[in-house]
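>>> just need the structure, nothing else, for what follows:
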Amino acid sequence: MAANARTPNRGAAIKAWLTLCVFGAALYALPAHAALFEDDEARKAILDLRQRVDQNSEQLKARLAEQGEQLNQLRRSLLDLNNQLEAIRAETAKLHGQNEQLARDLAEVQRRQKDLQQGVDERVRKLEPQKVTVDDKEFTADPEEKRLYDDAMATLRKGDFAGAASAFSAFQKRYPKSGYAESVLFWLGNAQYGKREYRDAIATFRALVSGTPDSPRAPEALLSQANCQLELKDNKGARKTLDELVKAYPKSEAAQAGRERLASLK
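Have a look, this model is predicted:
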């Protein structure tokens, strides 16, 4: 009876032990299963991450390639721009040189034009009447007219009385109404006096006094006429001429000389 009682207890114990073993095995197996699950998730996460990294890497490579192409294009553009700038600099330098040459050419043209204009003006001046003043008388004279008068006077100053007389006579014929007429008569008379052509000189001095009694040369012409008469030993005629001088032009220097000459003749 006692043996039968122990047998059920042993069976219960074995059953309990087996239950405990199974439970322990289950407890032991549970972390391993959890670890296996976690490894799969990790691998999946790593794969996903690697895939994203690969994708990002490809995108980065694509972007870098695109940026590299843009950079190359920018470099080419900069090179083209630099070439254009160099071409512009060269063209600017060329234009600058051309401008300098044009400036020199323009200056030369202006200088020639100025010289030409001066030459034209000079020729025009030689042809245009000029204002001259002789014996306090102002008038206009042709350039050739003035030249001939000046030449005749220069000849007289050299003491070439014959040449001067010829020059003044030729002037009278060419310019009978010249403003130089009074002066020409006076100096013609002096040239004739120098040649000792006293009668011709008297006629010339008388023509001056008769034609232009108001001429500033008239008193001197009368005094010169009296001198010619004295050279011809015509004292009576000389006194008459000197009397005329003193009465007509009493305040002139010639009149003062005439008074002295009259006193010597008396």
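>>> this structure: helices as residue ranges?
2-127, 143-157, 161-174, 181-194, 198-211, 218-231, 235-248, 253-265 (DSSP state H).
>>> those helices: which one's closest to residue 137?
Closest approach to residue 137 among the helices of the chain (Cβ to Cβ): helix 181-194, 7.4 Å. Quick note: C-beta positions are derived from backbone N, CA and C, even for glycine.
>>> what does that closest one contact?
134-135, 137, 149, 152-153, 156, 159, 161-162, 164-165, 168-169, 171-172, 175, 178, 198, 200-201, 204-205, 207-208, 211-212, 215, 217, 220-221, 224-225, 227-228 (Cβ atoms under 8 Å, 6 or more residues apart in numbering).
>>> so where's this structure shaky on pLDDT?
Flagging of the chain using pLDDT under 70 yields the residue ranges 1-38, 120-127.
>>> one step back: just the buried ones from the contacts of helix 181-194?
134, 149, 152-153, 156, 161, 164-165, 168-169, 171, 175, 178, 198, 200-201, 204-205, 208, 212, 215, 217, 220-221, 224-225, 227-228 (16 or more other Cβ atoms under 10 Å).
>>> could you measure from residue 199 over to residue 86?
98 Å (Cβ to Cβ, to the nearest Å).
>>> check the gap between the nearest residue to residue 218 once chain neighbours are set aside and residue 247 for me.
Nearest residue to residue 218 in three dimensions, chain neighbours excluded: residue 209, at 4.9 Å (Cβ to Cβ, 6 or more residues apart in numbering). As judged by Cβ to Cβ, residue 209 and residue 247 stand 13 Å apart.
>>> just want to know which of the two has more residues nearby.
Between residue 209 and residue 247, residue 209 has the larger neighbour count (other Cβ atoms under 10 Å), namely 23 against 10.
>>> I'd say the more buried one and residue 221 touch.
Yes: the criterion here is Cβ atoms under 8 Å, and residue 209 meets it with residue 221 at 5.2 Å.
>>> name the residues contacting each of those two.
Both residue 209 and residue 221 are in contact with residue 215, where contact means Cβ under 8 Å, 6+ apart.
>>> no more questions from me, cheers.
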